[in-house]
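Enquirer: Predicted model and sequence below, questions to follow.
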Amino acid sequence: MMRWQMQRNCALTPKQLLQFYIALVTLSVIVAIGFLLAGVWVILIFTVIEISAVTLGFLIYCRHALDSETIEIVGKHLIVKKFIGYKESIYEFNTQWAKIEAPTEGSKTFHISQSNLRVELGQFLRQEQQLSLISAVRAHLG
């Protein structure tokens with residue numbers, strides 16, 4: 001069995017992001033309470049808006065932090081798994097008939113195809129990484 005995994009490059013792990021989020025919310029709430037005690041209640045409204053916007057941004061970040069693409073070759077089967085935004089798609093190809101189409105100029109992705117099934121891959125790789133992956137997978141195709 002051969003396996004290649006491509007993942008999104010994220011700067012923060014989910015644990016680090018949660019710690020940063022808690023620190024940010026705590027600091028914002030402390031500042032808002034300070035202004036509220038001083039009689040400036042308008043700051044509290046802007047703090048709620050700020051925390052809501054940051055929460056929305058972090059939720060969008062978290063949704064795609066675990067995105068990945070996997071290529072597996074098991075016997076005569078080439079299996080492509082795409083996990084994008086909590087949705088997993090699995091495609092199965094025959095290694096004898098599957099073809100890998102190298103990325104065209106200006107394209108950031110390559111394709112694996114067989115008959116009328118065509119899957120786009122490589123969105124998490126640089127161009128030189130794509131070429132080495134394509135050659136490694138081609139070596140295992142019939």
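Expert: Ah, there it is.
Enquirer: and the residue nearest the centre of the chain, how far is that from residue 55?
Expert: Centroid-nearest residue in the chain: residue 67, 2.9 Å away (criterion: CA atoms, centre = their mean). Look at residue 67 and residue 55: by CB to CB, to the nearest Å, they are 20 Å apart. Every C-beta, even on glycine, is put in place using the N, C-alpha and C of the backbone.
Enquirer: which residue sits closest to the residue nearest to the centre of the chain in space, ignoring its chain neighbours?
Expert: Nearest non-adjacent residue to residue 67, counting by CB to CB, 6 or more residues apart in numbering: residue 8, 4.6 Å away.
Enquirer: so who does that neighbour touch?
Expert: By CB atoms under 8 Å, 6 or more residues apart in numbering, the contact set of residue 8 is 64, 65, 66, 67, 68, 124.
Enquirer: filter those to the buried ones?
Expert: By neighbour count, with 16 or more other CB atoms under 10 Å, the contacts of residue 8 hold 65, 67, 124 as buried.
Enquirer: And the residues you listed, which is the shakiest by pLDDT?
Expert: In terms of pLDDT, the lowest of the buried ones among the contacts of residue 8 is residue 65, showing 83.
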